[in-house]
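# Sequence first, then the predicted structure, then my questions.
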Amino acid sequence: MVLGATLTLVLVQLNAASKLAGSRPFRFFGPSRLHKVVEHQHYREHLQELMEAAEPHFVLFTSGVSSDGSPWCPDCSKSNPIIREVIFAAGGSLLEVTAGDRNEWADRKHPIRVDAQCPVHYVPTLYYWTPAGCGSSIANPLNSDEQDETLRLLVAKFVAETAAGQRYVDAVTKDIIASGGKACN
């Protein structure tokens, strides 16, 4: 009984000290993993919660759902479960951001398409998230033409490299960089 009360007191003091120091609250067993789905209009309100959850942190921009409850985007239907599986296997946290219905996403001035800090041109797009904001992303390779195992390997490589602090650059982006931007034409 005394040990339990002492441990509780120590944890409360550690939390108070970490708040005074301006850092995250101390958690004896580490932060818990976060998985939350939010609409695009509200995703920034949940970023602090993501950053306080278990690392690594990822934000998945995905389609909304159709009337039957499934994603209207076939790439999202296929990729999203694999993305979740890989991130959770790595112990990471995931904030899923829905882009809305198909007509809303079709608008070239959709708020997440024109976001100056973190633009999203395709769904699904997976960003590695840091305290400074969005980091590396992967989008084009996440299409429904890929085999499940190929998708799993692509996402696993992205998660591993970005979680290790490396910048991830996919094959399409490497080709664009190598061509000096001429591969965009």
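On my side now, so go ahead.
# Low-confidence ranges, the chain, go.
1-30, 140, 170-185 (pLDDT under 70).
# Ala139 touches Leu154, doesn't it?
No: the pair Ala139 / Leu154 is not scored as a contact, 11.0 Å apart, by CB atoms under 8 Å. Placement of C-beta: from N, CA and C, glycine included.
# ok, those two, which is more surrounded?
Ranked by neighbour count (other CB atoms under 10 Å), Ala139 and Leu154 place Leu154 first, with 22 against 19.
# Assumed that one was part of a helix.
Yes: checked against DSSP: H, G, I helix; E, B strand; the rest coil, Leu154 lies within a helix.
# right, and it touches Glu146 too?
Yes: between Leu154 and Glu146 a contact is recorded at 7.4 Å, counting by CB under 8 Å.
# Check which helices and strands the helix or strand encompassing Glu85 sits against.
Applying DSSP states H and E as the criterion places Glu85 in helix 74-89. Packing partners of helix 74-89 (3 or more CB pairs under 8 Å, 6 or more residues apart in numbering; DSSP states H and E): strand 57-62, strand 93-98, helix 148-163.
# mind putting those in a markdown table, distance to Ser32 included?
Formatted as a markdown table, those follow (distance: least, CB to CB, whole Å):
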| stretch | distance to Ser32 |
| --- | --- |
| strand 57-62 | 13 |
| strand 93-98 | 9 |
| helix 148-163 | 17 |
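# Most tightly packed of the ones you listed?
Mean neighbour count (mean count of other CB atoms under 10 Å) peaks for strand 57-62 among those, with a mean of 25.
# and Cys76, what does it touch?
By CB atoms under 8 Å, 6 or more residues apart in numbering, the contact list for Cys76 reads Thr62, Ser63, Val123, Pro124.
# can you map out the strands along this protein?
Remark: strands assigned in the chain by DSSP state E are 35-39, 57-62, 93-98, 125-130, 133-138.
# Relative to the third one, what are the paired strands and their orientations?
Strand pairing for strand 93-98, using DSSP bridges, gives strand 35-39 (parallel), strand 57-62 (parallel).
# Just send those back as JSON lines, with distance to Tyr168 too.
Converted to JSON lines, the strands paired with strand 93-98 look like this (distance: least, CB to CB, whole Å):
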{"stretch": "strand 35-39", "distance to Tyr168": "21"}
{"stretch": "strand 57-62", "distance to Tyr168": "12"}
